[in-house]
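**Student:** Have a look; sequence and predicted model below, questions after that.
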Amino acid sequence: MSFDFTGVLVAIHIAPEASAPMVELDAARLVEGVGIDGDRYANGRGTYSHKPHADRQVTLIETETLEALRRDHGIDLAPHETRRNLLVAGVPLNHLVGRDFRVGEVVLHGGRLNVPCQYLEDLLGKKVFKPLINRSGLNCRIVTGGTIRPGETIRPV
């Protein structure tokens, strides 16, 4: 079964360690099999680094999710507050589990859907746990590394 889409990378965020504020980047280097250069999970300092998983090298969330939180639940969640690395638009993340796709020159593998956690709700002080069920993003592994920038096209391989 194949499907086609063309999406766009809207923003890139990393944090140097667990609970640290997310920082927006103009460009990021994604290292195959490791993560985003400078991010907490690439350097082993993330909240869940003690439970390593290949599919946690980079995380994505849809702008459409943020719009739905605002529209359906009255929750304003800024992109950096999601604690996800890549904010994308026009990308069907739930349909990318088990599939490879490109972000510019980088190839990612959609490993598993991200599960919302109480940690995020506690950190933000916003009731996002239930509204994010099945919409909390996608955990990916980096198949082919490279540099990405906002505005890059996202498409299936």
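**Tutor:** Looks like it arrived, so ask away.

**Student:** Could you use CA atoms for every contact and neighbour count after this?
**Tutor:** OK.

**Student:** Spit out the contact partners of I36.
**Tutor:** Under the criterion of CA atoms under 8 Å, 6 or more residues apart in numbering, the contact list for I36 reads I14, A28, R29, L30, A42, Q57, V58.

**Student:** where does this structure have its least confident helix or strand?
**Tutor:** Every helix and strand in the chain was compared by mean pLDDT, DSSP states H and E; the lowest is helix 118-124, with a mean of 83.

**Student:** Show residues contacting it.
**Tutor:** S19, E81, T82, R83, K127, V128, F129.

**Student:** give the contact list for the residue positioned nearest the centre of the chain.
**Tutor:** Among the residues of the chain, L60 comes closest to the average C-alpha position under CA atoms, centre = their mean, at 1.9 Å. Contacts of L60 were listed using CA under 8 Å, 6+ apart, and they are R84, N85, L86, L87, V88, L93, G137, L138, N139, C140.

**Student:** What lies in contact with whichever strand or helix holds the last one?
**Tutor:** Using DSSP states H and E, C140 falls within strand 138-144. Where contact means CA under 8 Å, 6+ apart, the residues beyond strand 138-144 that reach it are 30-35, 54-61, 93-94, 97, 106-114.

**Student:** still on that earlier bit, skip the chain neighbours and tell me the closest residue to the residue nearest to the centre of the chain.
**Tutor:** Sequence neighbours aside, L86 is the residue nearest to L60 in space, at 4.6 Å (criterion: CA to CA, 6 or more residues apart in numbering).

**Student:** Nothing else from me, thank you.
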